[in-house]
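Trainee: This is the structure alone, sequence omitted:
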């Protein structure tokens, strides 16, 4: 799930909306991953839906800092490896 906001807003204002979408995910047996972006910053979110859902998030990573850009790309690459493509019904 990706939630994007304008760069004039703090990236964290996207968190409540993203969590609402993530809680609505039909496959609640597996963790749900989200990405909040505002054009400059990235926040990664992981939601576990059990009896009491809980989430964890990264701190805001900025593409304006080289070391954090590398970190963002590494995380996106790893998430891409985790995606399971289902055949069309």
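Mentor: Structure received. Values in this document were obtained by computation on a predicted structure and should not be read as measured data.

Trainee: Specify the local secondary structure of residue 3.
Mentor: Following DSSP: H, G, I helix; E, B strand; the rest coil, residue 3 is assigned to strand.

Trainee: For this protein, give me the ranges with low pLDDT.
Mentor: For the chain, the stretches flagged by pLDDT under 70 are 83-89.

Trainee: hmm, who's touching the strand ranked longest in it?
Mentor: For the chain, the strand with the greatest residue count under DSSP state E is strand 41-48. Strand 41-48 has contacts (C-beta atoms under 8 Å, 6 or more residues apart in numbering) with 11-12, 14-15, 18-19, 22-23, 25, 31-37, 53-63, 72, 75. The C-beta positions use only the backbone N, C-alpha and C, and glycine is treated the same way.

Trainee: Tell me which entries of the residues you listed lie within strands.
Mentor: Among these, the members falling in strands (DSSP E) are 32, 33, 34, 35, 36, 37, 54, 55, 56, 57, 61, 62.

Trainee: Which one (most neighbours) among those residues?
Mentor: Most neighbours among those, by other C-beta atoms under 10 Å: residue 36, with 25 neighbours.

Trainee: for that one, which residues make a bridge with it?
Mentor: Counting by DSSP bridges, residue 36 forms beta bridges with residue 3, residue 43.
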